[in-house]
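Pasting the sequence and the predicted coordinates here, then a few questions.
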Amino acid sequence: MQRLGWSHALEHFAKDSDLAERMKYWADHFGIRDEWILDAAIHTLDRSLRPLTGHHVKTKLVYLNGDQPLFRFDSGLRDWAPPEYGYETWEEFAKEQRTLLNNELASYKRAVKLRYEGSPEMARNARWAVMFQQNKSIRQIGSELSRNYDDPEQTVRKAIKRFAESIGLTLRSTH
């Protein structure tokens, strides 16, 4: 599928100037300034306007900041020689290497899952960021915390900022 992007999409949909104007209004009305959100809206709209074919595959639209972690296996750059030359048995060497490989694979899997799914707090922080973007105050959001925090407003403020930075979201002005 061709990636449209916000500016290219407006050109693509320019034949329907009403649609282009409505899209601009939508972005302005909701204070959307981040290119990736506009891009996601375009992809959603583009997909919804395409006629469904006989084979429809459900997919998730995923935006990621930064580069995908790459798997690199570092075996410690050891060599092996038969036990009669002072080395461990092949079985011992292979077992050690499999353990190193399995540990590296597990670490890589955690890094990739964290990149796609976020930390356990991410859903909560995302919810708070949405509430904040919808003009709810930090104080209002903090007052709904189920646990007692020393400074609920500071907890919410930091969590929203951390979440916004992690996804490249420009937060609304509080003025």
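Yes, it's here.

At which residues are the strands of this structure located?
Per DSSP state E, the chain has no strands. Nothing in it meets that criterion.

Please state the offset of the top helix by length along it from the chain centre?
Across the chain, the longest stretch assigned as helix under DSSP state H is helix 90-117. Distance, stretch centre to chain centre, for helix 90-117: 23 Å (C-alpha atoms, centre = their mean, to the nearest Å).

Would you mind checking the average pLDDT for it?
The predicted model assigns helix 90-117 a mean pLDDT of 88.

and that helix, which residues are buried?
Phe93 (16 or more other C-beta atoms under 10 Å). C-beta: built from backbone N, CA, C; applies to glycine.

now swap in stretch 20-37 and tell me
20, 23, 27, 32, 34, 37.

same deal with stretch 80-89?
In stretch 80-89, counting by 16+ other C-beta under 10 Å, buried: nothing.

so where do the helices sit in this structure?
6-12, 17-29, 35-49, 90-117, 122-133, 138-143, 152-167.

quick one: the longest helix of the chain to helix 122-133, angle?
Angle, helix 90-117 to helix 122-133, by axes from the mean of the first three to the mean of the last three C-alpha atoms, to 10 degrees: 20 degrees.

what two of the buried residues of stretch 20-37 have the greatest distance between them?
Ala20 and Asp34 (19.1 Å; C-beta to C-beta).

Of all the helices of the chain, which one is nearest Pro82?
Short answer: helix 90-117, nearest of those by C-beta to C-beta, at 7.7 Å.

among the helices and strands of the protein, which one scores worst on average pLDDT?
helix 6-12 (a mean of 63; mean pLDDT, DSSP states H and E).

just to revisit the earlier point, with distance to Ala81 added, can I get the helices of the chain in TSV?
TSV is the format used below for those (distance: least, C-beta to C-beta, whole Å):
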stretch	distance to Ala81
helix 6-12	60
helix 17-29	66
helix 35-49	53
helix 90-117	9
helix 122-133	49
helix 138-143	63
helix 152-167	48
